[in-house]
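Peer 1: predicted model, plus sequence, below.
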Amino acid sequence: MRQSPLFSGIIYLLLGVLFTYFAIGNVRTEGWGFFSYLLVILATFDLGAGIRMISFHFKIKRSLKK
């Protein structure tokens with residue numbers, strides 16, 4: 001069974017929010033170190049992938065209606 005892009009996009013968005021939360025907590029306790037930058041980069045990639053997946057889902061849906 002295949003996952004829909006909408007479900008995958010939501011998972012990516014949730015991971016992006018989670019990594020952002022961890023990055024904020026890490027910066028508050030330890031400052032800007034390597035791990036903080038790594039968490040921010042992971043959050044950025046996940047949020048971007050989630051937005052792309054959700055927009056892809058709606059493009060597919062729109063094209064199937066035509």
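Peer 2: Arrived safely, thanks for sending. Worth saying up front: this structure is predicted, and the values here are computed from it rather than measured.

Peer 1: C-alpha from now on. contacts and neighbour counts both.
Peer 2: Fine.

Peer 1: max-length helix in this protein?
Peer 2: Counting residues, the longest helix in the chain under DSSP state H turns out to be helix 34-65.

Peer 1: sketch out the low-pLDDT regions of the protein for me.
Peer 2: Where the chain drops to pLDDT under 70, the residues are 1.

Peer 1: so how far is residue 59 from residue 66?
Peer 2: If you measure residue 66 against residue 59 using C-alpha to C-alpha, to the nearest Å, the figure is 11 Å.

Peer 1: more neighbours: which of those two?
Peer 2: residue 59 (11 against 5; other C-alpha atoms under 10 Å).

Peer 1: ok, that one - contacts?
Peer 2: Applying C-alpha atoms under 8 Å, 6 or more residues apart in numbering to residue 59 gives no contacts.

Peer 1: distance check, it against residue 36.
Peer 2: Separation of residue 59 from residue 36 (C-alpha to C-alpha): 35 Å.
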